[in-house]
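S.K.: Test case, fold it:
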Amino acid sequence: MSQQAEREFKNLLTASEYQRLQQAYSFTIPFKQTNLYFDTATQELKRRGWGLRLRLFKDRAEQTLKIPAHGEHDLWEITDPLPLSVAQQVQIQQPSQVSQYLQKYNIDRTQLQLIGYAQTERQQAILSAGLLVLDRTSYADTTFDHELELEVQDTASTSTTFRNLLNTQQIEPRKTTNKVARAVVHFQNISLENQYANLERMLFD
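M.R.: Numbers count the residues shown, from 1 in each chain. This next block holds a predicted model:
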């Protein structure tokens, strides 16, 4: 388990911008990750500005609670590693560091429900400024989008580096909601039957 501070800068991309960036940087081989997002029926986490997810990789998984820090782009992340088979049960696990933090604020695991999910094909490149991330994400309704993200561990850093990167690559700055909000919209757009049929394919295919 771990806790860390992180600063993230994000920008949605067109398909052509995504393809151009693939050629512009030395990205790693793409890998897939599936994110499952949770909240209570009364949106207790959303009201607090928190994000709670299960993230599944090919052979492992983790659960993470994201909590806003001081700046607009700053987050605290509380993460517990999980076996893949446990995460496939689609439940936040306890006892854990995440569940203990939730209980501190009177949020029990049994109050949580799935509110959305997404599967991302991710590529990463290490820059002097931080970790550059290129994502192609599919949602519950089978639509997809593209996104660029810069993750900076040094929370004293500003957004200047990210703005310069966008300018250099001739990418229009776009107001970008987080993946949780996008996943929730796509999840709500389809029938209950399709919500879970598509999730099962993501989890077990």
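S.K.: I'd like the distance between the residue nearest the centre of the chain and R48.
M.R.: Central residue of the chain (C-alpha atoms, centre = their mean): K179, 5.6 Å from the mean position. Going from K179 to R48 by C-beta to C-beta, to the nearest Å gives 18 Å. C-beta coordinates here come from the backbone N, C-alpha and C atoms, glycine included.
S.K.: Kindly report the same for S138.
M.R.: Remark: distance between S138 and R48 (C-beta to C-beta) = 28 Å.
S.K.: now do A125
M.R.: A125 is 33 Å from R48, where distance means C-beta to C-beta.
S.K.: ok so, going back, tell me which of S138 and R48 has more neighbours.
M.R.: S138 (19 against 12; other C-beta atoms under 10 Å).
S.K.: Show me what the more buried one is bridged to.
M.R.: Q119, F144 (DSSP bridges).
S.K.: just the helices in the chain please.
M.R.: Assigned by DSSP state H, the chain shows helices spanning 15-24, 44-48, 84-87, 97-104, 160-168, 179-188, 192-204.
S.K.: Redo these as a markdown table? Include distance to Q111 and mean pLDDT.
M.R.: What follows is those, written out as a markdown table (distance: least, C-beta to C-beta, whole Å; pLDDT from 0 to 100):
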| stretch | distance to Q111 | mean pLDDT |
| --- | --- | --- |
| helix 15-24 | 38 | 97 |
| helix 44-48 | 8 | 95 |
| helix 84-87 | 19 | 96 |
| helix 97-104 | 9 | 95 |
| helix 160-168 | 36 | 92 |
| helix 179-188 | 17 | 94 |
| helix 192-204 | 20 | 90 |
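S.K.: how many other residues sit next to Q195?
M.R.: Neighbours of Q195 (other C-beta under 10 Å): 19.
S.K.: low pLDDT regions in this structure?
M.R.: 1-6, 71-73, 154-158 (pLDDT under 70).
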